[in-house]
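**Q** Coordinates for the following, if possible.
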Amino acid sequence: MRIALAAASTFAALSLFAARAHAVERQHHIGLAPSLSLLKVDDKSTMSVGMGGALHYTYGLSDQFNLMAEFNSSIVALDQQQDTAETPKTRPATVDHLSLGLGYVIDVLRWVPYVGVLPGVYRLAGGTLDGSLFLPGAALAVGLDYQLSRHWAIGAAAHQHFLFTKMSTYPSYTTGLLRLEYMWGF
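**A** Next comes the predicted model:
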């Protein structure tokens, strides 16, 4: 009971004294985000873990809905053994994707939570693959941004990706992002 009362009091205080987020329709956001990538390959006992980066753009269609675009490139494995006959031809060294979708935003405080769906095209390349593999897919995105000012925001996001035509081979692909963005057009 004490925890619930403390949480309610904290939420009420933050709601009453927080500044507005100033998110409006027709607002543009452009940003960069380093990313951590986790790729599960079905015939591999461990996750392929790597780093990458993303460039994202958002346009405010309304106070609640944003058009979202993202390009992300990640190295998921540097030292895949390519010269052994028993190593499966399913282990990429890099995963890139280009996505365009829609996000739902709650902009009541400086903290701006959002969710989104971003269909797109994925490219898996390198490693033990014979060539580049292009796949249709989509990402479910969840994030939380903090607006430092009317022009700058920082945040964190997680994306769960689904590679539609190869879901049995690549059952899980997840990226975590730390975001920095610039906003204009109020």
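**Q** so where's this protein uncertain?
**A** 1-24, 79-84 (pLDDT under 70).
**Q** Can you tell me the centre-most residue of it?
**A** The residue lying closest to the centre of the chain (CA atoms, centre = their mean) is His159, at 4.0 Å.
**Q** quick one: that one and Tyr122 touch, right?
**A** No. Using CB atoms under 8 Å, His159 is not in contact with Tyr122, being 11.8 Å away. From N, CA and C alone the C-beta is placed, and that goes for glycine too.
**Q** mind checking which helix or strand the residue nearest to the centre of the chain is in?
**A** strand 152-163 (DSSP states H and E).
**Q** Identify the neighbouring strands of that strand in the sheet and state each direction.
**A** When sheet partners are counted by DSSP bridges, strand 152-163 sits next to strand 133-147 (antiparallel), strand 172-184 (antiparallel).
**Q** Just put the ones you listed in a markdown table and tack on distance to Ala85.
**A** Shown next, in a markdown table, are the strands paired with strand 152-163 (distance: least, CB to CB, whole Å):
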| stretch | distance to Ala85 |
| --- | --- |
| strand 133-147 | 20 |
| strand 172-184 | 27 |
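**Q** Same list (those strands) but as CSV, adding mean neighbour count and distance to Gly53.
**A** Below are those laid out as CSV (neighbours: other CB atoms under 10 Å; distance: least, CB to CB, whole Å):
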stretch, mean neighbour count, distance to Gly53
strand 133-147, 18, 16
strand 172-184, 18, 9
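**Q** so which of the ones you listed comes closest to Thr58?
**A** strand 172-184 (7.7 Å; CB to CB).
**Q** what does that closest one rub up against?
**A** Residues outside strand 172-184 that contact it (CB atoms under 8 Å, 6 or more residues apart in numbering): 27-40, 52, 54, 56, 58, 72, 74, 95, 139, 143, 145, 147, 150-163.
**Q** which residues touch Phe164?
**A** Here Phe164 is in contact with Leu135, Pro136, Gly137, Ala138 (CB under 8 Å, 6+ apart).
**Q** rerun that using 10 Å as the cut-off
**A** Pro119, Tyr122, Leu135, Pro136, Gly137, Ala138 (CB atoms under 10 Å, 6 or more residues apart in numbering).
**Q** hmm, which two among those residues are most spread apart?
**A** Top of the distance list for the contacts of Phe164 (CB to CB): Pro119 and Leu135, 11.8 Å.
**Q** any common contacting residues for those two?
**A** With CB under 10 Å, 6+ apart as the test, Pro119 and Leu135 both reach Phe162, Phe164.
**Q** follow-up on the earlier one: run through the bridge partners of the residue nearest to the centre of the chain.
**A** Ala141, Thr175.
**Q** correct me, but it touches Tyr114?
**A** No. At 11.9 Å, His159 and Tyr114 do not qualify as touching, with contact defined as CB atoms under 10 Å.
**Q** Please enumerate the shared neighbours of the two.
**A** With CB under 10 Å, 6+ apart, His159 and Tyr114 have common neighbours Ala141, Val142, Gly143.
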